[in-house]
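**Student:** quick one: sequence plus predicted model below, questions after.
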Amino acid sequence: MSWRDRLAELGIELPPVATPAGSYVPAVRTGSLVYTAGQVPVVNGVVAATGKVGAEVSPEEGQRLARVCALNALAAVDGLVGIDSVVRVVKVVGFVASAEGFTGQPAVINGASDLFAEVFGEQGKHARSAVGVAELPLGVPVEVELIVEVG
């Protein structure tokens, strides 16, 4: 089964590739790796939420938003090389705009990691960093970057 078929089986539709908010491109390929730019929770061109996790945004909502970021990252990969060229997910880096004292960043970024496991199975298991930060672009609570191996 192709990855595109797997997405359809799961009822997941990739969004359009998000328009960069600065002087960069959504994804770049070098050799057999594709690196995405940091993807924020934008849905239909609109920021889905703002605020800090552990204050205005619950950890559960942060997890849902991390999944949105992950879908945007997959869209960037698909737009560059096609989703079916993915061999495996190599690394995920997640940033969580965190309220003071909030330490649940790994659980929030599980929203992205769980999506990759759901779509790619064993090939979706990856190395990861989940980092708490003071602020993110556009005031969003979560940002996710992705590195995938492609064939």
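**Tutor:** Great, that's in hand. Fair warning: this is a prediction, and the values are worked out from it, not measured in the lab.
**Student:** would you mark the buried spots in stretch 98-112?
**Tutor:** Neighbour counts over stretch 98-112 (16 or more other Cβ atoms under 10 Å) mark 98, 102, 104-105, 107-112 as buried. Where C-beta positions appear, they are placed from N, C-alpha and C, glycine not excepted.
**Student:** tell me the contacts of residue 131?
**Tutor:** By Cβ atoms under 8 Å, 6 or more residues apart in numbering, the contact set of residue 131 is 93-96, 105.
**Student:** bridged to it, which residues?
**Tutor:** Following DSSP bridges, residue 131 is listed with bridge partners residue 95.
**Student:** format the contacts of residue 131 as CSV; extra columns: distance to residue 83 and pLDDT.
**Tutor:** Formatted as CSV, the contacts of residue 131 follow (distance: Cβ to Cβ, whole Å; pLDDT from 0 to 100):
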residue, distance to residue 83, pLDDT
93, 20, 98
94, 20, 98
95, 24, 98
96, 26, 98
105, 27, 98
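**Student:** out of those residues, who's nearest residue 13?
**Tutor:** residue 94 (22.4 Å; Cβ to Cβ).
**Student:** can you tell me the SS state at the residue nearest to the closest one when sequence neighbours are not counted?
**Tutor:** Leaving aside its chain neighbours, residue 94 sits nearest to residue 109 (3.4 Å; criterion: Cβ to Cβ, 6 or more residues apart in numbering). Assigned with DSSP: H, G, I helix; E, B strand; the rest coil, residue 109 falls in the helix class.
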